[in-house]
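> need a 3D model of the following:
(2 chains)
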Amino acid sequence: MSQEWQIVWFTVWVSALSTVLILPGGLAAAWLLARHEWPGKSLVETLVTLPLVMPPVATGLILLKVLGRRGVLGGFFHDTFHLDIAFTWRAVLAAQAVMSFPLLVRSARTAFAEVNPRFEQIARTLGAGEWRVFFSITVPLAWRGIIAGMILAFARALGEFGATIMVAGNIPGKTATLSLSIYESVQLGHDAAAFRLLGISVALAFAAVWSGEWLMSRRRGLHETAS
Amino acid sequence: MKLLLRNISLRLADFVLKVNVELASQVTAIVGPSGAGKTSLLDLIAGLRLPQSALIQLEERVLTDTARGLFLPPRLREIGYVPQDLALFPHLPVRKNLLYGCKTAPPCGSLFSYEHVAAVLEIEPLAGRSVTRISGGEKQRVALARALLTSPRLLLLDEPLAGLDAALKARIIPYLARVRDEFQVPMLFVSHDRQEVQALCDEVVELERGQIRSEANQKA
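Numbers count the residues shown, from 1 in each chain, chains lettered A, B, ... in the order given. Take a look at the predicted model:
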């Protein structure tokens, strides 16, 4: 496999893995934000949104401090499992997960809020517990929004640059992603390689966002009460 | 049936719902103008809302007792609820809607079997269809059957015939009468329609701005 295809493959699978990893936490956060009121909710809302509005490099610096060998989490993983996170593929995964988390939460939260709570209430009167209500009523009725959020999160992960370069660097064959490789190719004057990678990035991002939009446009209808 | 509603207090947008009554009839109608608190009262009985204070007891079973901090979750109350919008799950076909509350595979209910309910309400031909592709009257029957299949001790019906034209109402009322006579489930029935009330109910409770204005026994 050429180095360029290795970069594409690495970027795609780490992005997919980060999307899957943030799914349980993202859905839980989205559901709590959509369905419940609790003290400190606005603080959590702000924290969840922060990676969207903060400079990615600043988020990367925070991650580096947390995930580096002397960081709280990085130190714990190094001492306990002899695992390094910073400047490995795990750091790429962490950066992508943190940066794409808000997109998943925002989309899923809107989708959950659009589900008529009466369906969930009636499911409870029919004997369903909270887990069953969530997986048999809430998620199926919100699935298009959840899938759209996953696609947006995946697309965001594909294009992640600032946080990744801070916490994972750009190590060929180890942490080099599409975005990092485009930047490096331009810096080195390898314009042809940069444009090839650019074309692949555009195609992947277009496919991801277009399928997200298509699903969102089809979301209507399911939320109407069947009365 | 004996349904005890003591010291009910629930703050609503414009007034406080205050109810203190004991219902003993097989079918009780709750009537009153829109916004009188009728649906909120059904929600309280079903356990879908938390009151400021209440003692709700069905037969010997305490469902809510705020004084003792007791609140039985809706899934354990064994109360069937047919809301005004029916809330049929749009992503499930009719059959899965019907069987949603069944604890076991068909014949399902401990009191009423799937076959029995399906026969009384004539819903078997609808079983394979989508709930979004059946008529208003068919939806009413499916919602009623779904609630019955949980073998409830009490059936709450929130304006089950609202939105249906007179001809369709006339066709559905006999189904409700059959449910009353065939299954002997006590019913609490919110309605605006005198015709429905007279056809189905033994007792009428009138609610206005959260207070009981009158209570009358139809059979008296």
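> ok, now how distant is the residue nearest to A:Ser211 when sequence neighbours are not counted from A:Ala30?
Among residues not flanking A:Ser211 along the chain, A:Ile151 sits closest, at 5.7 Å (Cβ to Cβ, 6 or more residues apart in numbering or on different chains). Heads up, the C-betas are built off the backbone N, CA and C, glycines and all. As for A:Ile151, its distance to A:Ala30 is 15 Å (criterion: Cβ to Cβ, to the nearest Å).
> up against chain A, what does chain B have?
B:43, B:46-48, B:73-75, B:77, B:79-81, B:83-91, B:100-101, B:103, B:131-132, B:136, B:139, B:146-147, B:150, B:163 (Cβ under 8 Å from any Cβ of the partner chain).
> just the buried ones from those residues?
For the residues of chain B next to chain A, a burial check counting by 16 or more other Cβ atoms under 10 Å in any protein chain shown picks out B:43, B:46-48, B:74-75, B:77, B:79-81, B:83-91, B:100-101, B:131, B:139, B:146-147, B:150.
> now, which of those residues lie within helices?
Applying DSSP state H to those, the entries found in helices are B:Asp43, B:Ala46, B:Lys139, B:Arg146, B:Ala147.
> quick check, nearest of these to chain A?
Ranked by distance to chain A (Cβ to the nearest Cβ), those are led by B:Ala46 at 5.4 Å.
> next one: that closest one from A:Trp9, what distance?
The value you get for B:Ala46 to A:Trp9, if Cβ to Cβ is used, is 54 Å.
> what segments of chain B are helices?
Counting by DSSP H, chain B has helices at residues B:38-46, B:94-99, B:114-121, B:136-148, B:166-183, B:194-200.
> using CSV, lay out the ones you listed together with mean pLDDT.
Shown next, in CSV, are those (pLDDT from 0 to 100):
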stretch, mean pLDDT
helix B:38-46, 96
helix B:94-99, 94
helix B:114-121, 84
helix B:136-148, 91
helix B:166-183, 82
helix B:194-200, 82
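> closest one to B:Arg68 among the ones you listed?
Closest to B:Arg68 of these is helix B:38-46 (Cβ to Cβ; 16.5 Å).
> contacts for the closest one next, please.
Here helix B:38-46 makes contact (Cβ atoms under 8 Å, 6 or more residues apart in numbering or on different chains) with A:121, A:125, B:3, B:5, B:8, B:10, B:12, B:17, B:19, B:30-32, B:49, B:51, B:54, B:56, B:63-64, B:74, B:77, B:79, B:81, B:83-84, B:154, B:156, B:158, B:188, B:190, B:207.
> what's the answer for stretch A:169-178, then?
Stretch A:169-178 has contacts (Cβ under 8 Å, 6+ apart) with A:3, A:6-8, A:10-11, A:14, A:87-89, A:91-92, A:158-160, A:164, A:168, A:180-181, A:183-184, A:197, A:200-201, A:204.
> now do 6 Å
Stretch A:169-178 is contacted by residues A:Ile7, A:Thr11, A:Phe87, A:Val92, A:Ala168, A:Leu180, A:Glu184, A:Leu197, A:Ser201 when judged by Cβ atoms under 6 Å, 6 or more residues apart in numbering or on different chains.
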